[in-house]
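>>> quick one, structure for this:
(one chain, ligands or ions: 1)
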Amino acid sequence: MKHASNVDDSNTDSQAHAVWEKDKNHFIHPFTDFSTFHQQGCDIISDSDGIYVSDIKGNRFIDGIAGLWCVNVGHGRKEIGDAMAEQATRMAYFSTFNNLTNIPAAELSAKLASLAPAHLNHIFYTCGGSTANDVAVRLVHYYFNRIGKPEKKKIISRKNAYHGTTYMAATLTGIESNNWMFDTLDSHVSYLSEANCYRRPAGMSEAAYCDHLVGEFETRITELGADNIAAFIMEPIMGAGGVLVAPEGYHTRMQALCRQNDILLIVDEVVTAFGRLGHFFSSEKVFGLTPDIITCAKGLSSGYVPLGAALISDSLYEVLGTPQGKGGVLSTGFTYSGHPVSCAAALKNIEIMEREALCENIQRVGPYLETQLKTLKHHATVGDVRGSNFMMCLENVANKETGELLPLEARVGDRVAEEAQQRGLIIRPVGHLNIISPPLIWDEAIIDNVVAILDASFSAVTESLK
Ligand code: PLP
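Numbers count the residues shown, from 1 in each chain. Have a look, this model is predicted:
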């Protein structure tokens, strides 16, 4: 969908060129293939409004990924900008160390405690999702040290999990290619299999697959010794690892094993919180989990400003908040923990979500998106359509019967995304996958439009593969 631009083309071309020159020479982009980056150039996204973003040349696209799973309330919310500006001019920053605080941090903490499962009442602020997971692990280790169980150190994670890229979060991340040639803190982490119903062993029922995964955890506990395991960390639905929905019963059975073995449960809700699955937090409401810690980021501020948080249970806080003795402090935190401008943005974001009933919108429209995306299964390359509500993924294959993948050189995920973008829709390619994680303000009409674009895009790619 190209929208006529009222800007002089030669001007925008030269501006785009100037931006690209600076960018390519100086900006180290995250997760970018530098073998093609310089030749390909960049789409310079310069403007946004509601469900749309526009590039510097005036081309407008439907945002099918909410920025990067985060712009949940949609783009260009003046109210959020105003709340940030008001806070920035009143008091942009002051320390929250020791006995200092600010109004938005206190207000947001109470608000999050009211939205989270009842026992999670204590909030530790970070600058994003990776740091929230890092903090969660540090606090878990500290907790066990404090209660006289210092040998409880191992964190159980899963293959294909994504928990971020700070040193610890990268180690928790089980996507092997992410850590290629990077060092990791291996001695701290042990990986279970991911829960991948689509690629479960041939002939195994979903129920038997669940038994198998739970059995693997049981065996691992025996091998490592419960006395050496501190926590199990999981995304309720794995996101970047391929939007993997676990089999029925998996979450509560894994939680039960944690409880039986004094293993804490950290649920990484960086993607699944703030409406994407139809609730502010999905742990309890969708998956029947009562985590010791929930980490979140992204939708917490709808990406308007960097912000993350670790929500800590009352029982953990009882230990963390107990003085170590005279002068002892909980010696961890960031300059920007509880940043007033970030917290003001998050408060306004939550106010909008409540006022516009965005969780309820997802409960209504989410199943429609699922159903409509599933109509794309007739395409030759679409092997699986999976996910939940506004967290969806299509897996491209060479053979639907066997699930065999197309060769990497076919760049099938990339090509589908490119075709979609030419038709005015941005979705995310990850290898042979296409991920769709829209702002929460899509309605049925937009979904119909998006599915029509995807239909044409898959047809074009299938045709070109013949
Ligand atoms: N956890 C999950 C589940 C994520 O998807 C992400 C980012 O995509 C992170 C953690 C890391 O968050 P950030 O990039 O804000 O550090």
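>>> the bottom helix or strand of this structure by mean pLDDT?
helix 34-40 (a mean of 85; mean pLDDT, DSSP states H and E).
>>> ok, then the element right after it?
Next along the chain after helix 34-40, taking DSSP states H and E as the criterion, comes strand 45-49.
>>> which strands or helices does the least confident helix or strand of the chain pack on?
Using 3 or more C-beta pairs under 8 Å, 6 or more residues apart in numbering; DSSP states H and E as the contact test, no helix or strand touches helix 34-40. Every C-beta, even on glycine, is put in place using the N, C-alpha and C of the backbone.
>>> quick one, what contacts the nearest residue to Glu404 once chain neighbours are set aside?
Among residues not flanking Glu404 along the chain, Ala398 sits closest, at 4.8 Å (C-beta to C-beta, 6 or more residues apart in numbering). By C-beta atoms under 8 Å, 6 or more residues apart in numbering, the contact set of Ala398 is Thr381, Glu404, Leu405, Leu406.
>>> then Leu277?
So Leu277 contacts Pro236, Ile237, Val286, Ile362, Gly366, Ser388, Asn389, Phe390, Met391 (C-beta under 8 Å, 6+ apart).
>>> so what pLDDT did the closest residue to it other than its chain neighbours get?
Leaving out its chain neighbours, the residue that sits closest to Leu277 by C-beta to C-beta, 6+ apart is Asn389, at 5.0 Å. On the pLDDT scale, Asn389 is placed at 98.
>>> for the remainder of this discussion, apply numbering that starts at 306.
Renumbered: residue one is now 306, and that last one reads Asn694.
>>> ok, residues contacting stretch 762-771?
Contact partners of stretch 762-771, identified using C-beta under 8 Å, 6+ apart, comprise 681, 684-687, 711, 715, 717, 720-721, 724-725, 728, 730.
>>> equivalent analysis for stretch 517-532, please.
Counting by C-beta under 8 Å, 6+ apart, 454, 456-457, 459, 461, 495, 497-498, 500, 506, 509, 534, 537, 551-552, 555, 558-559, 562, 566-568 sit against stretch 517-532.
>>> just the buried residues of the residues you listed.
457, 459, 461, 495, 497, 500, 534, 537, 551-552, 555, 558-559, 562, 566, 568 (16 or more other C-beta atoms under 10 Å).
>>> show me those residues that map onto strands.
Judged by DSSP state E, the buried ones among the contacts of stretch 517-532 include Lys459, Ile461, Ser495, Leu497, Ile534, Phe537 as members of strands.
>>> quick check, the residue in the stretch 506-655 of the chain closest to the ligand?
Val575 (3.5 Å; C-beta to the nearest ligand atom).
>>> with the chain instead?
Closest point on the chain to the ligand, by C-beta to the nearest ligand atom, is Gly434, at 2.3 Å.
>>> that residue: what's it in contact with?
Gly434 neighbours (C-beta under 8 Å, 6+ apart): His468, Gly469, Ala474, Asp573, Val575, Thr600, Cys601, Ala602, Lys603, Gly613.
>>> would you turn those residues into a markdown table with neighbour count, distance to Leu490 and pLDDT?
Converted to a markdown table, the contacts of Gly434 look like this (neighbours: other C-beta atoms under 10 Å; distance: C-beta to C-beta, whole Å; pLDDT from 0 to 100):
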| residue | neighbour count | distance to Leu490 | pLDDT |
| --- | --- | --- | --- |
| His468 | 32 | 12 | 98 |
| Gly469 | 25 | 13 | 98 |
| Ala474 | 24 | 10 | 98 |
| Asp573 | 31 | 17 | 98 |
| Val575 | 28 | 20 | 98 |
| Thr600 | 31 | 18 | 99 |
| Cys601 | 27 | 23 | 98 |
| Ala602 | 29 | 21 | 98 |
| Lys603 | 28 | 24 | 98 |
| Gly613 | 26 | 20 | 98 |
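>>> tell me the one among those nearest to Pro422.
Pro422 has its nearest neighbour among the contacts of Gly434 in Cys601, at 12.4 Å by C-beta to C-beta.
>>> quick check: the closest one touching Val576?
No: applying C-beta atoms under 8 Å as the test, Cys601 and Val576 come out as separate, 9.1 Å apart.
>>> residue contacts, Ile361?
Thr317, Gln320, Ala321, Val324, Ile349, Ile350, Ser351.
>>> could I get those residues as a markdown table with pLDDT, distance to Ile480 and neighbour count?
Below are the contacts of Ile361 laid out as a markdown table (pLDDT from 0 to 100; distance: C-beta to C-beta, whole Å; neighbours: other C-beta atoms under 10 Å):
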| residue | pLDDT | distance to Ile480 | neighbour count |
| --- | --- | --- | --- |
| Thr317 | 86 | 37 | 17 |
| Gln320 | 92 | 37 | 16 |
| Ala321 | 92 | 33 | 18 |
| Val324 | 94 | 31 | 15 |
| Ile349 | 96 | 28 | 15 |
| Ile350 | 97 | 25 | 15 |
| Ser351 | 97 | 31 | 15 |
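>>> which of the residues you listed sits closest to Gly547?
Nearest member of the contacts of Ile361 to Gly547, counting by C-beta to C-beta, is Ile350, at 25.1 Å.
>>> which strand residues bridge that closest one?
Asp360 (DSSP bridges).
>>> can you give me the end-to-end span of stretch 689-702?
Distance between the two ends of stretch 689-702: 8 Å, counting by C-alpha to C-alpha, to the nearest Å.
>>> so for it, what gets flagged as buried?
Neighbour count says stretch 689-702 has 689-702 buried, by 16+ other C-beta under 10 Å.
>>> so of these, which ones are in helices?
If you go by DSSP state H, those have nothing in helices.
>>> can you lay out those as JSON lines showing distance to the ligand?
Listed next are the buried residues of stretch 689-702 as JSON lines, based on distance: C-beta to the nearest ligand atom, whole Å:
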{"residue": "Asp689", "distance to the ligand": "20"}
{"residue": "Val690", "distance to the ligand": "20"}
{"residue": "Arg691", "distance to the ligand": "17"}
{"residue": "Gly692", "distance to the ligand": "14"}
{"residue": "Ser693", "distance to the ligand": "14"}
{"residue": "Asn694", "distance to the ligand": "16"}
{"residue": "Phe695", "distance to the ligand": "14"}
{"residue": "Met696", "distance to the ligand": "10"}
{"residue": "Met697", "distance to the ligand": "15"}
{"residue": "Cys698", "distance to the ligand": "13"}
{"residue": "Leu699", "distance to the ligand": "18"}
{"residue": "Glu700", "distance to the ligand": "18"}
{"residue": "Asn701", "distance to the ligand": "21"}
{"residue": "Val702", "distance to the ligand": "24"}
